[in-house]
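S.K.: Sequence first, predicted coordinates after that:
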Amino acid sequence: MSVGEIRVAINSDQDIVSARQKGRAMASELGFSSGDATLIATAISELARNIVSYARKGQITLKGVHGSSRVGIVVIASDDGPGILDIRQALRDGFSTSGSLGLGLPGVRRLMDEFEIDSQPGRGTIVAVKKWRQ
Amino acid sequence: MEVPILKQGAVLIATFQAALSDADLNQLRMGLVQQVVKFRSRAVIVDVTAMDVMDSFASRTLREIAHMIRLRGAETVIVGIQPEVAFAMVQLGLTLEGVATALDLEEGLAYLNEKFKTTS
Ligand SMILES: Nc1ncnc2c1ncn2[C@@H]1O[C@H](COP(=O)(O)OP(=O)(O)O)[C@@H](O)[C@H]1O
Ligand SMILES: [Mg+2]
């Protein structure tokens, strides 16, 4: 069962800020601790920035999920940008095609409990991550 | 969103707001370095107490600010990183290597006072 869904269009660096604020608010509403809400907001910031940096535009979808015995939050970052040629390489700490730190994708993976990525060169990228409430 | 920069003697104090965009951070980088030059400041304190998130872009920008200011012979101290933000930074793999940090503004100023005393 899904409890509410928010979609944030990502077109500029301003949208990165609003996406992470909305994510933090949803996490708090779902009962996440403020520490975990910070981890979630940080992950959203990285995913949204990748959209702006590499695809120019896309969207972030935020969803609350109620499993049988637990509550979680799902963050889906999707774009129709250039895609990622080598996903394994992109997930490595320090790998970057833009001369930046290369900690976004591997960092998001550490910040969240579940991490899935699907990307096709020339088609776009979807990163779906989940965190469960403690 | 503007970042207020306060001049207190030889020290500049920049106070970050919660929701700084990349553009704000870039502007701050230029603004701070210009003011360090203009006022011949010896140190800059960047107060990030209010920051909600320190992601890879923000921490890289802070590191760049500190390096540029060091090239001017001045010192940068980052103060007020919240415990939750620090935890997220560690998970992300971010470090502020080579940049001085202090608990809060007061400790940052105390650190600089001590430092100036011993070097001058
Ligand atoms: N949405 C995306 N679209 C296309 N390429 C991407 C996307 N997200 C990440 N990448 C690629 O994966 C690499 C690693 O991303 P990341 O770990 O966030 O590090 P950084 O953004 O610092 O380079 C990027 O340099 C880029 O080549
Ligand atoms: Mg990135």
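M.R.: Right, received. Where do you want to start? Ligands and ions are numbered 1, 2, ... in the order given.

S.K.: which secondary structure elements does the lowest-mean-pLDDT helix or strand in chain A contact?
M.R.: Across the helices and strands of chain A, the lowest-confidence element by mean pLDDT, DSSP states H and E is strand A:2-10, at a mean of 86. In this structure, strand A:2-10 makes packing contacts with helix A:13-29, strand A:58-66, judged by 3 or more CB pairs under 8 Å, 6 or more residues apart in numbering or on different chains; DSSP states H and E. In this view, the C-beta of every residue, glycine as well, is placed from N, C-alpha and C.

S.K.: Any residues of chain B in contact with chain A? List them.
M.R.: Where chain B comes near chain A, counting by CB under 8 Å from any CB of the partner chain, the residues are B:19-23, B:52-57, B:60, B:83-85, B:87-89, B:91-94.

S.K.: Any of those buried? List them.
M.R.: Among the residues of chain B next to chain A, those that count as buried by neighbour count (16 or more other CB atoms under 10 Å in any protein chain shown) are B:19-22, B:52-57, B:60, B:84-85, B:87-89, B:91-94.

S.K.: From the residues of chain B next to chain A, which land in helices?
M.R.: In this view, the residues of chain B next to chain A that belong to helices under DSSP state H are B:22-23, B:56-57, B:60, B:83-85, B:87-89, B:91-92.

S.K.: For residue B:115, which non-adjacent residue is spatially closest?
M.R.: The spatially closest residue to residue B:115, leaving aside those adjacent along the chain, is residue B:75, at 6.9 Å (CB to CB, 6 or more residues apart in numbering or on different chains).

S.K.: In contact with that neighbour, which residues?
M.R.: By CB atoms under 8 Å, 6 or more residues apart in numbering or on different chains, residue B:75 lies in contact with B:42, B:43, B:44, B:69, B:100, B:112, B:115.

S.K.: Look at the fourth one and say how many residues are nearby.
M.R.: The local packing count at residue B:69 equals 24, with neighbours defined by other CB atoms under 10 Å in any protein chain shown.

S.K.: ok, it touching residue B:44?
M.R.: Yes. Between residue B:69 and residue B:44 there is a contact under CB atoms under 8 Å: 5.5 Å.

S.K.: Show me whatever sits in contact with both of these two.
M.R.: Once CB under 8 Å, 6+ apart is applied, the residues that residue B:69 and residue B:44 both contact turn out to be B:32, B:36, B:75, B:76.
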